[in-house]
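Q: Model the following, please.
(one chain, ligands or ions: 2)
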Amino acid sequence: MRRWQGDGIYFGGDYNPEQWPERTWSEDVELMRRAGVNLVSVGIFSWALLEPTPGRFEFDWLDRVLDLLHGGGIQVDLATATASPPPWLARAHPETLPRRADGAILWPGGRQAYCPSSPVFRERSLDLVRAVAGRYAEHPAVVMWHVSNELGCHNVHCYCDVSAEAFRDWLRERYGDLDRLNDAWGTAFWSQRYGDWAEINPPRTAPTFANPTQQLDFLRFSSDEQRAQLRAERKLLKTLVSQPVTTNFMIGTGIKHMDYYSWAGDVDLVSNDHYLTAADPQAHLGLALSADHTRGVAGGDPWLLMEHSTSAVNWQPRNVAKLPGQLRRNSLAHVARGADGVLFFQWRAARAGAEKFHSALVPHAGADTKVFREVCQLGADLKALAEVRGSRVDADVAILFDWEAWWGVELDSHPSVDVRYADRLTALYGALWRAGVTADIVHPSADLTGYRLVLAPTLYLVRDADADALRRFVEAGGTAAVTYFSGIVDSDDHIRLGGYPGAFRELLGIHTEEFFPLREGEQVRLDDGSTADVWTEWLHTDGAEVLASYTDGPLPGVPALTRHPVGAGTAWYVGTRLDEPATDRLVARLLDEAGVAPAAQAPTGVEVVRRRDGERTWLFVINHTEAEVRLSATGTDLLTGARCAGVLTVPAGEVAVIREDPATDSA
Ligand code: GAL
Ligand code: ZN
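A: Ligands and ions are numbered 1, 2, ... in the order given. Sure thing, here's the model as predicted:
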């Protein structure tokens, strides 16, 4: 992809000057310069101010903002401003308001209150894009365009009549004729057969479980509808502007409804928003996973962290603030994992509105604060890291991820509500993180050559071609591991018959005749000393070696963990939900078999990642522990300028970024 060129690492955040009197603006620019800010996103929620009444645009204030920023040497990521329509739109066109599955209307007064399929919204928003882009295409401050904001964050599923009609069009496109739809949806069941397209609706609140394939298709359709807004805005922008175009994705384990692999081709650079689950003491694992996944969506290219927080957010139940040093560790962990820019929501903490308790670069208390001092420190750090821009991240391991598998596995009426898509992903990822091994998180159709180990957690829905690709990877000498409830259905959510895990049965050399999900809280033991919960299954081997079996629970003596040599490689199956120590042991064995080494041998709690540009490499070391740690490295720490020859010492909570000396052939 690589269609963007920054100069050094971008640093800044969302800037909402319209919420402040003009006299604050010059202080803003002065503080931005002090902090080393070089990029701000402007205008994201400005539609109501830019177009106060339909068709009448007011740009004077934005002219002054952009000129001021430019005068201060601050570059701008300019929003198309379409993220949230002004109240006048809903008044003039109530049919643009979104509806929930039960028919309730989502009213204006918050944000993003529009039906994603509304032609009226589309037309009005494109009028705005035309006006904004027409005015600022040549403005010297503008280096990037920011389409909408977090498309689909609050309005991804709309069940209104307009959306119903758009859903039918989408289905006609997918299936061509009704017979094919009836077949795919399995409508012979429960008297659901459709005789006319007009009979089909979104899966609105029904007396009992709605048709699963109807639900799955509605999820696909909804992601596509959001993507269509991105594509329409980008298409128009491309006729008016020359700067790169992006929109902020929300790649993580929280938001699940946008299939960003399919969106990646619609942006010039991938950018992402990430917020810690503050209550989780291991939240830095979730951060790393999100960053590795964003890089996977970007096809391995550098990406931009469009938003994260300097400290607390406002929208979690208990908004835990960041302790001293955490801001730096969090931001640099994103850079370690491929971000070439670190931006925040938002520049100045708001006085009013629902986000007034959200942290910012400039807190309510002003610049003489821990947060602003850390912001200035980070600005200096990022300046010192300029040379890593454009480099990529070393990874020998891939984890397969598919939004459709996520959607499918979490539909209703399944064997156990305790099977959650992110669960095994997070468990395996955590074990790799603790082992100091970086993974790319990629779509199952990604090119797997070059990886040594591929993990497939809970890949419930899988296409034939993707299952084949995993088999070829193993035959060619790779190591693969598949966890329970994978390979179960095809793209129509129809069971693959003949025994589970359908698509992977042969590769794994096993078949399962029946699932035995466990009761809430129930645990089982394995004969290798592991414990497990949630899931067991009546598994038979067809060539696989048994590594561990149950000693109790519903299936004593039945295999739980197997290994199958295939071609030059091996395929492992994990038939139960292993506890954390057992998952760590499993991953250690897999890494050993695949011949994968960590970026550096580091003590527990120390994050190590390597970025590379040809022969040049940078080792990021982030010490999340409360003790000083030592590990072996040779080179120069870009953050301190200090040399380390053989041994690197990183104090508690600190970060080092070592430009490694080229390896000398001593052997
Ligand atoms: C994001 C959003 C920002 C702000 C932020 C608060 O979802 O894009 O506008 O609301 O969250 O954490
Ligand atoms: Zn709608």
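Q: Longest helix in the protein, please.
A: The helix that spans the most residues within the chain, counting by DSSP state H, is helix 212-240.
Q: Spell out whether it and ligand 2 are in contact.
A: No. Helix 212-240 stays clear of ligand 2 (C-beta under 5 Å from the ion), getting no nearer than 8.7 Å. In short, each C-beta sits where N, CA and C put it, glycine included.
Q: Flag every buried residue along that helix.
A: Buried positions in helix 212-240, judged by neighbour count with 16 or more other C-beta atoms under 10 Å: 212-230, 232-234, 236-237.
Q: Equivalent analysis for stretch 647-664, please.
A: Buried residues in stretch 647-664, counted by 16+ other C-beta under 10 Å: Leu648, Val650, Gly653, Glu654, Val655, Ala656, Val657, Ile658, Glu660.
Q: Ok, stretch 265-279 next?
A: Buried-residue list, stretch 265-279, by 16+ other C-beta under 10 Å: 266-278.
Q: now do stretch 626-633
A: Judged by neighbour count (16+ other C-beta under 10 Å), stretch 626-633 contains these buried residues: Val629, Leu631, Ala633.
Q: can you list those residues in a markdown table and add distance to ligand 1, secondary structure and pLDDT?
A: Shown next, in a markdown table, are the buried residues of stretch 626-633 (distance: C-beta to the nearest ligand atom, whole Å; DSSP: H, G, I helix; E, B strand; the rest coil; pLDDT from 0 to 100):
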| residue | distance to ligand 1 | secondary structure | pLDDT |
| --- | --- | --- | --- |
| Val629 | 32 | strand | 98 |
| Leu631 | 34 | strand | 97 |
| Ala633 | 35 | strand | 97 |
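Q: And these, which is closest to Leu106?
A: Closest approach to Leu106 among the buried residues of stretch 626-633 (C-beta to C-beta): Val629, at 49.5 Å.
Q: wait, that closest one sits on Gly653?
A: No. Using C-beta atoms under 8 Å as the test, Val629 is too far from Gly653 to be in contact (10.5 Å).
Q: Now compare the buried residues of stretch 647-664 and name the two farthest from each other.
A: Gly653 and Glu660 (22.8 Å).
Q: right, and the secondary structure at Asn314 would be what?
A: Counting by DSSP: H, G, I helix; E, B strand; the rest coil, the backbone at Asn314 sits in coil.
Q: was I right about it contacting Gly353?
A: No. Using C-beta under 8 Å, Asn314 is not in contact with Gly353; the gap is 9.7 Å.
Q: The two: who's more crowded?
A: Shown here are Asn314 and Gly353; by other C-beta atoms under 10 Å, Asn314 has more neighbours (14 against 11).
Q: that older thread, identify the contacts common to Val629 and Gly653.
A: Asn623 (C-beta atoms under 8 Å, 6 or more residues apart in numbering).
Q: Go ahead and confirm Asn272 touches Met306.
A: Yes. Using C-beta under 8 Å, Asn272 is in contact with Met306, at 6.3 Å.
Q: okay, and the common contacts of the two?
A: Joint contacts of Asn272 and Met306 (C-beta under 8 Å, 6+ apart) are Asn248.
Q: Give me the pLDDT for the closest residue to Asp259 other than its chain neighbours.
A: Of all residues not flanking Asp259 in the chain, Trp403 sits nearest, at 4.1 Å (C-beta to C-beta, 6 or more residues apart in numbering). Looking at Trp403, its pLDDT reads 98.
Q: In three-state terms, how would the residue nearest the centre of the chain be classified?
A: Taking C-alpha atoms, centre = their mean, the centroid of the chain lies closest to Ile251, which sits 1.5 Å from it. Three-state assignment for Ile251 (three-state DSSP): coil.
Q: thinking it is in contact with Ser271, fair?
A: No. Applying C-beta under 8 Å as the test, Ile251 and Ser271 come out as separate, 10.0 Å apart.
Q: mind listing what the residue of the stretch 51-200 of the chain found nearest ligand 1 touches?
A: In the stretch 51-200 of the chain, the residue that lies nearest ligand 1 is Glu150 (4.4 Å; C-beta to the nearest ligand atom). Listed by C-beta under 8 Å, 6+ apart, the contact set of Glu150 reads Ala83, Asn248, Met250, Asp273.
Q: what pLDDT does the nearest residue to Val393 once chain neighbours are set aside get?
A: What sits nearest to Val393 in space, not counting adjacent residues and going by C-beta to C-beta, 6+ apart, is Gly338, at 4.8 Å. pLDDT for Gly338: 98.
Q: do the same with Asp665
A: Note for Asp665: predicted pLDDT of 53.
Q: So which residues on this structure come close to ligand 2?
A: Cys115, Cys158, Cys160, Val162, Ser163.
Q: would TSV of these with neighbour count, secondary structure and pLDDT be doable?
A: TSV is the format used below for the residues of the chain next to ligand 2 (neighbours: other C-beta atoms under 10 Å; DSSP: H, G, I helix; E, B strand; the rest coil; pLDDT from 0 to 100):
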residue	neighbour count	secondary structure	pLDDT
Cys115	25	coil	98
Cys158	25	coil	98
Cys160	22	coil	98
Val162	19	helix	98
Ser163	24	helix	98
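Q: touching ligand 1 at all, stretch 327-346?
A: Yes. If you take C-beta under 6 Å from any ligand atom as the test, stretch 327-346 does meet ligand 1, through Phe345.
Q: And that stretch, end to end?
A: Taking C-alpha to C-alpha, to the nearest Å, stretch 327-346 runs 14 Å from one end to the other.
Q: cool, stretch 191-200 as well?
A: One end of stretch 191-200 to the other measures 14 Å (C-alpha to C-alpha).
Q: Which positions in it come out as buried?
A: Tyr194, Ile200.
Q: do the same with stretch 533-543
A: Buried residues in stretch 533-543, counted by 16+ other C-beta under 10 Å: Asp533, Val534, Trp535, Thr536, Glu537, Trp538, Leu539.
Q: end-to-end on stretch 406-422?
A: Between the start and the finish of stretch 406-422 there is a gap of 8 Å, counting by C-alpha to C-alpha.
Q: Stretch 609-617 now?
A: Stretch 609-617 end-to-end distance (C-alpha to C-alpha) = 10 Å.
Q: Let me know the average pLDDT across that stretch.
A: 97.
Q: Return the per-residue confidence for the closest residue to Ser530 other than its chain neighbours.
A: With sequence-adjacent residues excluded and distances taken as C-beta to C-beta, 6+ apart, Ser530 is closest to Ala582, at 3.5 Å. Predicted confidence (pLDDT) at Ala582: the value is 98.
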